[in-house]
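Chemist: Model the following, please.
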Amino acid sequence: MSPLCTQHSLQTEILIAGGGPAGVPCAIAAARRGAKVILCHDRPVLGGNASSEVRMHIVGANGTGGTDRGSELATEARESGIIEEIRLENCLRNPQRSPSMFDLILYQKCQAEKNLTLMLNTTVTGVEMQGQTITHAIADRQSSEDQFRIAADIFIDCTGDGRLGAEAGAPFMEGRESRAQFGESLAPEKADQLRLGSTILMQAKKHATPMPFTAPSFARAFTAEELRLRLYATPGDETPSHEYGYWWAEWGGQLDTIKDNEQIRDELLAIVLGIWDHVKNGPPGSPAGADPSNASHWALDWFGFLPGKRESRRFIGQHILTQQDLMTSLHFDDAIAYGGWSLDLHPPQGIDAPGLQPCEQHPLPHLYDIPLRSCISRDIDNLMFAGRNHSATHVAFSSTRVMATCAVMGQGIGTAAAAAITTKTKPAQIPTQTDLVRTIQQHLLEDDAFLISPPGSNSDKLSDHLVDHLADNLIHQARIHASSEQIGGEAQNLRSPQTRSVHGELGAPPDRYQAGSHRWMSDPAESLPATLEITWPDTIEIGQIQLVFDTGLHRHLTLSQLDAYSESMIWGKPQPETIKDYFIETFDGQQWTRLLKVHGNYQRLQKHLLMPARHCSALRLTLTATNGLDHARLCRIAIYN
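Modeler: Have a look, this model is predicted:
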């Protein structure tokens, strides 16, 4: 260690390396469940590929373009839980769609958690071991000449590249597995070290006057034929535009995306600037002043210097997800997250394979489970992981790698880690403890994560973990009465364990859902306010009230710099289905007393902790205004003592 470097010793319960789309929800989930967490992130801003340094929009199970899945009150595939909380916050506070504002929102979310210590510009570079257990992580912060020796009970690798786990000697995979190894029809015949490449994105603005562009000498030159299946074919069902691009400007899949990252960056800069030169000035040989793309008034406003990396290491966990697991929507008893993005394979040569489509998407027929075991190391007792470095084949990873899927995976693993801390259980042992797995799933459901129901859920019999989840909710001991309701939106729907509809096309498999709206919807003809009254036969004690509102999970909602994609969303304001104003009263046998009042809500999940607890025989929820819809919708009310 350099004599200029100061060494510090830190102690925590959970150490998370990597503050991208998986690491941030992972850290928040664990901290909210009471664990002491340190989050080390090697960049100055959070968000990984979604940050202002890369600027890729977060996509997930609801797909996009030709693989889109979403239908109101039928197929609600967008992720909920912490990533939905972040998206709704970003939507309202960032109407200008600023990438830096999104950085700030993620920063504030982490800083708001009392159990979470955030360490930016801090890279985990080593570990200390005792046998197959990690005891300490070593982290360096060059900007302040500090080194940290961090002791923890559980270590979670959300770095994408898998630096923490690799330092611990955890086994991992790279490249593409052979077709025979896992019986995957989409895998190559022979295994190789090829992988998905990386991309540098760019943004441009239109000006009032012509804006000339002179390409640097190192920029590549592209003919129209070389971009025939990319720039001119608008892959991914995109609307042709100049303001943002280009995900298909991909390169580096034939190299080591970790060791060769500097070379990949240099080549990607040459590629993106060469594409822009093609847009501005036409292909080689175009006459001076030619404007074949109608881009004369457009000018580059930003382009990244940090490659958006798709693939590097993938750990070997207690289960390796495969193509068949996803295609058949295989049920896992230890499911902690779900996905639905297509199997999205790219040619490793990227833009250097002009005769190949930039992506080959194989739609999945249904949403699928992600098991806890695919996020726990096979060999290291206290190592977990979430994000694109989790345990999956190259083919399966081509779906699980997208950022919203990484986010729900992160929340699942953060929740599991916190439960392991509470019960003093090594992560490697969690899947063997059925009751603990069930508790983790209950915690996820309480926090508005979505888990696909197990087979047989289209019958009247519910799974054990859903029954346990229902039993804790005091409304199941009560009579429920609404001031009005619609057909299909009856108040009794609030007894359902589901909080979304997934019975529609491309939703959950036919034997893994209960059809219906799974929410109370008041009658528009009766107007607002609408009331819901819950009555118990005897006096009960209430300590917490949880409400889950409708936020339009059938629609897309994500920060994007692509105008046409953003215009397909409701951005810059709350989602119209969401309840805006409400108040709650309790009845003690003699009179109604107002408990709380909320104005201006835009979030899906609201938790109200009552200090001290209240005794009552009835509770009344009055919904006085929505954010635009002509009737009230409520997906869940949970009351705990």
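
Chemist: Burial check on residue 51, number of neighbours?
Modeler: By the criterion of other C-beta atoms under 10 Å, residue 51 has 25 neighbours. Placement of C-beta: from N, CA and C, glycine included.

Chemist: For it, which non-adjacent residue is closest in space?
Modeler: Spatial nearest neighbour of residue 51, chain neighbours left out: residue 45 (4.9 Å); criterion: C-beta to C-beta, 6 or more residues apart in numbering.

Chemist: my read: the one you found touches residue 107, true?
Modeler: Yes. Between residue 45 and residue 107 there is a contact under C-beta atoms under 8 Å: 7.3 Å.

Chemist: How about the contacts made by the residue nearest to residue 51?
Modeler: Counting by C-beta atoms under 8 Å, 6 or more residues apart in numbering, residue 45 touches 51-53, 100, 103, 106-107, 120.

Chemist: Low-confidence ranges, the stretch 51-200 of the chain, go.
Modeler: Along the stretch 51-200 of the chain, no part satisfies pLDDT under 70.

Chemist: I'd like the next helix or strand past the helix or strand of the chain with the lowest mean pLDDT.
Modeler: Ranked by mean pLDDT, DSSP states H and E, the weakest helix or strand in the chain is helix 464-471, scoring a mean of 54. The first helix or strand that comes after helix 464-471 along the chain, using DSSP states H and E, is strand 479-482.

Chemist: ranges for the helices of this protein?
Modeler: Using DSSP state H, the helices of the chain run over 23-32, 82-93, 99-111, 163-167, 179-182, 261-281, 323-327, 394-400, 403-423, 434-446, 464-471, 563-567.

Chemist: Output the ones you listed as TSV; include the columns distance to residue 335 and mean neighbour count.
Modeler: Formatted as TSV, the helices of the chain follow (distance: least, C-beta to C-beta, whole Å; neighbours: other C-beta atoms under 10 Å):
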stretch	distance to residue 335	mean neighbour count
helix 23-32	16	30
helix 82-93	17	22
helix 99-111	25	18
helix 163-167	22	24
helix 179-182	20	15
helix 261-281	34	21
helix 323-327	11	22
helix 394-400	13	26
helix 403-423	8	28
helix 434-446	7	20
helix 464-471	10	17
helix 563-567	30	15
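
Chemist: can you tell me how far residue 4 sits from residue 318?
Modeler: According to C-beta to C-beta, to the nearest Å, residue 4 and residue 318 sit 43 Å apart.

Chemist: quick one: which of the two has more around it?
Modeler: Using other C-beta under 10 Å, the more surrounded residue of residue 4 and residue 318 is residue 318, with 20 against 6.

Chemist: got the contact list for that one?
Modeler: Per C-beta under 8 Å, 6+ apart, neighbours of residue 318: 373-374, 376-378, 391, 428, 431.

Chemist: And for residue 117?
Modeler: Per C-beta under 8 Å, 6+ apart, neighbours of residue 117: 12, 37-39.

Chemist: go on, residue 256?
Modeler: Going by C-beta under 8 Å, 6+ apart, the list of residues near residue 256 reads residue 193.

Chemist: for residue 357, what are its contacts?
Modeler: By C-beta under 8 Å, 6+ apart, the neighbours of residue 357 are 229, 235, 347.

Chemist: Ok, residue 97 next?
Modeler: Neighbours of residue 97 in contact, by C-beta under 8 Å, 6+ apart: 559-561, 566, 571.

Chemist: hmm, 7 Å instead?
Modeler: Neighbour list for residue 97: 559, 561, 566 [criterion: C-beta atoms under 7 Å, 6 or more residues apart in numbering].

Chemist: Which member of those is positioned nearest residue 620?
Modeler: Using C-beta to C-beta, residue 559 is the member of the contacts of residue 97 that lies nearest residue 620, at 37.7 Å.

Chemist: burial measure for residue 615, as a count.
Modeler: 13.

Chemist: shouldn't it be in contact with residue 539?
Modeler: Yes. Taking C-beta atoms under 7 Å as the definition, residue 615 is a contact partner of residue 539 at 5.4 Å.

Chemist: export the helices of the chain to JSON lines and tack on distance to residue 72?
Modeler: Listed next are these as JSON lines, based on distance: least, C-beta to C-beta, whole Å:
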{"stretch": "helix 23-32", "distance to residue 72": "26"}
{"stretch": "helix 82-93", "distance to residue 72": "17"}
{"stretch": "helix 99-111", "distance to residue 72": "27"}
{"stretch": "helix 163-167", "distance to residue 72": "41"}
{"stretch": "helix 179-182", "distance to residue 72": "37"}
{"stretch": "helix 261-281", "distance to residue 72": "38"}
{"stretch": "helix 323-327", "distance to residue 72": "25"}
{"stretch": "helix 394-400", "distance to residue 72": "24"}
{"stretch": "helix 403-423", "distance to residue 72": "19"}
{"stretch": "helix 434-446", "distance to residue 72": "23"}
{"stretch": "helix 464-471", "distance to residue 72": "24"}
{"stretch": "helix 563-567", "distance to residue 72": "19"}
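
Chemist: Show me the one of those that comes nearest residue 192.
Modeler: helix 394-400 (9.7 Å).

Chemist: and the gap between the nearest residue to residue 171 once chain neighbours are set aside and residue 177?
Modeler: Counting by C-beta to C-beta, 6+ apart, residue 171 lies nearest to residue 316, which is 4.3 Å off, once chain neighbours are set aside. Distance of residue 316 to residue 177, given as C-beta to C-beta: 11 Å.
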